[in-house]
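**Q** Just need the structure, nothing else, for what follows:
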Amino acid sequence: MVFSANGITGGVFAAAVAGGSADEAVVTNVSTIDMGTGANDLVVLNSDDLSVNTLDFSAAWGKVSVKNFFIDGASGGTQGVHEIDFTAFLDDQNDPSADNGNALSAVRVATTDATVVAMNANTSSDTDFTTLSALDGNATNTFATITDAEVLTALQADATYAAAVAGGTLIGTSRDSMLFVENNANLGEYKVYNVTLALLAANDDTGITGVQLVGTIDFGNSVDFAVATLFAGA
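**A** Okay, here's the model as predicted:
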């Protein structure tokens with residue numbers, strides 16, 4: 001992981017302050033942590049209610065457990081104002097002048113939360129394992145063992161999930177979306193998938209063409225992905 005605070009990137013962290021485990025009440029911290037490719041990491045966010053720590057997922061990783069994502073405790077409580085950044089995966093762009101032979105006017109599509117039936121360019125969707133696995137045709141899989149191919153089968157199984165109509169003047173021939181699948185037996189733990197969508201003129205589940213697991217995140221409690229400030233690049 002690479003830590004960055006106040007625009008300065010480096011490996012120097014503030015010295016530990018001895019005593020107790022109370023929430024930070026003096027220092028408000030605004031910083032970015034590049035999560036890298038760790039196999040099993042723990043990240044402790046600043047516990048001040050107004051702190052904004054951005055978790056930057058710039059590449060596929062193993063698992064990361066997040067402490068202090070919620071301001072009233074690790075499990076339960078109010079979701080804080082921290083951010084998650086998936087712009088390394090959600091890089092779709094619109095170019096309103098795409099017919100001019102260059103992409104100089106291209107603009108990144110803002111990250112938005114979408115319903116599970118309307119995956120689109122740079123969107124996030126969330127569901128739970130029980131709902132997803134009921135559609136994949138394998139009655140014996142588990143949150144730990146479900147494969148990318150089984151997730152793709154589930155997404156293509158019926159109209160529960162679909163690729164939405166491609167809007168705007170998108171560059172390229174496909175779109176990217178993120179899917180967060182929650183572990184029903186451990187709320188707050190999510191498998192995160194990069195979902196590839198074809199460019200379609202109408203909603204269609206067959207427009208979901210690829211699924212790749214990029215990592216697992218344990219936030220300590222169920223996340224409200226509809227919060228407008230959750231995703232960097234929104």
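
**Q** Next, count neighbours for residue 118.
**A** 16 (other Cβ atoms under 10 Å). C-beta coordinates here come from the backbone N, C-alpha and C atoms, glycine included.

**Q** That one contacts residue 164, correct?
**A** Yes. Residue 118 lies in contact with residue 164 (Cβ atoms under 8 Å); the separation is 4.3 Å.

**Q** For this protein, give me the ranges with low pLDDT.
**A** Where the chain drops to pLDDT under 70, the residues are 1-26, 72-77, 98-104, 167-168, 201-205.

**Q** how about the strands in it?
**A** Shown for the chain, the strands assigned by DSSP state E span residues 2-5, 8-10, 30-34, 40-44, 52-56, 63-67, 83-85, 93-94, 107-108, 112-113, 123-128, 174-182, 189-198, 208-218.

**Q** what's the closest of the ones you listed to residue 159?
**A** strand 208-218 (11.5 Å; Cβ to Cβ).

**Q** What helices and strands are in contact with the closest one?
**A** Secondary-structure packing of strand 208-218 (3 or more Cβ pairs under 8 Å, 6 or more residues apart in numbering; DSSP states H and E): strand 63-67, helix 148-155, strand 189-198.

**Q** chain center to the second one: distance?
**A** Put plainly, it is helix 148-155. Mean-position distance between helix 148-155 and its chain equals 18 Å (Cα atoms, centre = their mean, to the nearest Å).

**Q** what about residue 173, how many neighbours?
**A** Neighbour number of residue 173 under other Cβ under 10 Å is 7.

**Q** my bad, should have said residue 187
**A** 17.

**Q** list the contacts for the residue lying closest to it once chain neighbours are set aside?
**A** Excluding the flanking residues, the one nearest residue 187 by Cβ to Cβ, 6 or more residues apart in numbering is residue 222, at 5.0 Å. Contact analysis of residue 222 by Cβ atoms under 8 Å, 6 or more residues apart in numbering lists 182, 187, 188.

**Q** Of those, which is the nearest to residue 198?
**A** residue 182 (26.3 Å).

**Q** Do I have it right that that closest one meets residue 131?
**A** No. Judged on Cβ under 8 Å, residue 182 makes no contact with residue 131 at a distance of 9.3 Å.

**Q** Between those two, which is the more surrounded one?
**A** Legend: neighbour count by other Cβ under 10 Å for residue 182 and residue 131, higher for residue 182 (22 against 15).

**Q** residue contacts, the more buried one?
**A** 126, 127, 128, 129, 188, 189, 190, 222.

**Q** From residue 189, how far out is the last one?
**A** Same thing as residue 222. Going from residue 222 to residue 189 by Cβ to Cβ, to the nearest Å gives 10 Å.

**Q** Show the contacting residues for residue 173.
**A** Neighbours of residue 173 in contact, by Cβ under 8 Å, 6+ apart: 198, 199.

**Q** swap the cut-off to 7 Å and go again
**A** Shown in contact with residue 173 (Cβ atoms under 7 Å, 6 or more residues apart in numbering): residue 199.

**Q** coming back round to it: can I get the strands of the chain in a markdown table with distance to residue 148?
**A** As requested, the strands of the chain are exported to a markdown table (distance: least, Cβ to Cβ, whole Å):
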| stretch | distance to residue 148 |
| --- | --- |
| strand 2-5 | 28 |
| strand 8-10 | 33 |
| strand 30-34 | 25 |
| strand 40-44 | 20 |
| strand 52-56 | 23 |
| strand 63-67 | 16 |
| strand 83-85 | 21 |
| strand 93-94 | 26 |
| strand 107-108 | 26 |
| strand 112-113 | 23 |
| strand 123-128 | 15 |
| strand 174-182 | 11 |
| strand 189-198 | 7 |
| strand 208-218 | 5 |
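
**Q** Okay then, goodbye and thanks.
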